[in-house]
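>>> next one to model:
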Amino acid sequence: MTTAVCPGSFDPFTLGHRYVVERAAACFDEVVITVVVNPNKRGMFGVDERIALIEEDCADLPKVRVDRWEGLLVDYLRQESIHTIVKGLRSAVDFDYEVPMAQMNRELAGVETVFLLTDPRFAHVSSSLVKEVAKLGGDVSPFLSGHVHDRLMSRLSGELTA
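Numbers count the residues shown, from 1 in each chain. Sure, this is the predicted structure:
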């Protein structure tokens, strides 16, 4: 069975992320969306909440499961006996950022990275930009599934009244 990991912080999980996961699921027997925990970063959503949102968003994708990891991603891959990482690329900027990591992962653990281009409709979408636009009152509904959008708006309304 061929398994690939789609790592990220996914704070929040966007339709661009979903598109890459769907494409990966068409190429691999199993795709593990791995929420990588960075203890130095505080997300808008907690890790368990992100996992629940992703699981709900991908419930219709039988080849996809969600996991979490804190530490070097290659250690997770070794532990799980997975040899492939899938990363979505929106632009050349993403490529320039991702290539050194892919090369390091190959050197450290013999792990290959497969790059998938995102749908052009989402080439400008990032979790950070979605949060920023939403905080300023912009409509981010075209970039998120309904339940993720609802949770984001609920979280922001709670922040604004707190």
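>>> which residue is the nearest non-sequential neighbour of L61?
A25 (5.6 Å; CB to CB, 6 or more residues apart in numbering). (C-beta placed from N, C-alpha, C; glycine too.)
>>> against M44, how distant is the closest residue to T3 other than its chain neighbours?
Distances taken as CB to CB, 6+ apart place E30 nearest to T3, at 4.3 Å, with adjacent residues excluded. To M44, E30 is 29 Å away according to CB to CB, to the nearest Å.
>>> thought the residue nearest to T3 was touching P62?
No: applying CB atoms under 8 Å as the test, E30 and P62 come out as separate, 9.6 Å apart.
>>> who has more neighbours, these two?
E30 (16 against 9; other CB atoms under 10 Å).
>>> flag every buried residue along the longest helix along the chain.
In the chain, with assignment by DSSP state H, the single longest helix is helix 92-109. Applying a neighbour-count criterion of 16 or more other CB atoms under 10 Å, one finds D94, E98, A102, N105, A109 buried in helix 92-109.
>>> can you tell me what sits against it?
Contacts to helix 92-109, defined as CB atoms under 8 Å, 6 or more residues apart in numbering, come from residues 72-74, 77-78, 85, 87-89, 111-113, 115.
>>> so which other helices or strands are in contact with the helix or strand harbouring R68?
Using DSSP states H and E, R68 falls within strand 64-70. The helices and strands touching strand 64-70, judged by 3 or more CB pairs under 8 Å, 6 or more residues apart in numbering; DSSP states H and E, are strand 30-37, helix 47-57, helix 73-80.
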